[in-house]
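Participant: okay, sequence plus prediction incoming.
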Amino acid sequence: QETVGQSGRPGVILSLSDGRRIDLSAREGKIGAGEEVVNHPENKQLFYAADQGGEKISRMNRLDVPQGAEYHLVLSDGTRVWMNARSRLVYPVAFGDTREVELEGEAYFEVTRDENRPFIVHAGQVAVKVLGTEFNVKAYAENEVMTTLVSGRVMVKRGLDSLTLAPGEQCEVDKQTGLLTVKEADLAETVGTQIRVTQVNVRKYTAWREGVFYFEEAELEEIMTELADWYCVQAVFTDQTVRTRKFSGVLERSETIENVLKKIERTTSVHF
């Protein structure tokens, strides 16, 4: 059952291991059985107490961030996670001998270094393994899984394939190159795999964390998918040819959708 926040839209929901679902927009202060979680809705931040072991290791929490929202999470090892709209993270209340989380959607990770416990992000068919670093993982079900490394080093694994990224490099799981999207993972054995690494403009893939949309020769269809997630709208193309029109620019996520669309209209000769 969907929990609706104070705005009437779906809220940012924390699901506890005992089955409780908490709307974080309406709950300030300590949360949880042992009150090991502190929420600050005004700053959109959720903090977990430092690792203490015990039964907390087996207690899993889930954070669901809906369209039109974002949230900042500090895990029990001090790792910071910025979650984008329409994203979900599953993680333990406290880490034990391992540090593993599960992501659907998009998140930016700033991992606390721990030589003895690599941090692993499971996203679809991909596992991203790190010791201490900053990186962005985009793993929406309808897209390829994309890992962008900002600093440090990460290892990306899919089945028996693996590679190590250097800062500024990006690895993607792409149906067209043989690496499959999450939806088509069942075909992995018959299609074969390959991992493509490219050097990228990192800011293009991490700007959302700074509160901006950063488009660089982006097709209108891709742009509207991103705007739809943030502004909770649906885009319908009456003229199919405009789907591939390209736009470049930096737009503030705090602006109204009307202003954002006007700016796109001025440079792309399309009408919304």
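Facilitator: In hand now; what should we look at?
Participant: for the residue most central in space within the chain, identify the helix or strand it belongs to.
Facilitator: For the chain, the residue nearest the mean C-alpha position is Glu106 (1.4 Å; Cα atoms, centre = their mean). In the assignment (DSSP states H and E), Glu106 maps to strand 99-110.
Participant: which of the residues in that strand are buried?
Facilitator: Going by neighbour count (16 or more other Cβ atoms under 10 Å), the buried part of strand 99-110 is 99-110. Backbone N, C-alpha and C define where each C-beta goes, glycine included.
Participant: quick check: Phe237 vs Arg20, distance?
Facilitator: For Phe237, the distance to Arg20 (Cβ to Cβ, to the nearest Å) stands at 42 Å.
Participant: my bad, should have said Glu217
Facilitator: Distance, Glu217 to Arg20, by Cβ to Cβ: 46 Å.
Participant: out of these two, which sits in the busier spot?
Facilitator: Arg20 (11 against 8; other Cβ atoms under 10 Å).
Participant: from Pro66, how far out is the more buried one?
Facilitator: 18 Å.
Participant: please apply the same query to Leu14.
Facilitator: Leu14 sits 13 Å away from Pro66, going by Cβ to Cβ.
Participant: pLDDT weak spots in the stretch 1-150 of the chain?
Facilitator: Scanning the stretch 1-150 of the chain for pLDDT under 70 picks out 1-9, 32-35, 52-55.
Participant: mind running it again at 80?
Facilitator: Residue ranges of the stretch 1-150 of the chain with pLDDT under 80: 1-10, 26-28, 32-36, 51-58, 142-144.
Participant: try the stretch 151-272 of the chain
Facilitator: Within the stretch 151-272 of the chain, the ranges that satisfy pLDDT under 80 run 160-161, 173-199.
Participant: residue boundaries of the helices in it?
Facilitator: Taking DSSP state H, counting those that start in this stretch to define them, one finds helices in the stretch 151-272 of the chain at 188-191, 202-206, 220-231, 257-268.
Participant: with respect to Asp114, which of the ones you listed lies nearest?
Facilitator: helix 202-206 (23.0 Å; Cβ to Cβ).
Participant: who's in contact with Arg86?
Facilitator: Contacts for Arg86 were tallied using Cβ atoms under 8 Å, 6 or more residues apart in numbering; they are 65-67, 105, 140, 229.
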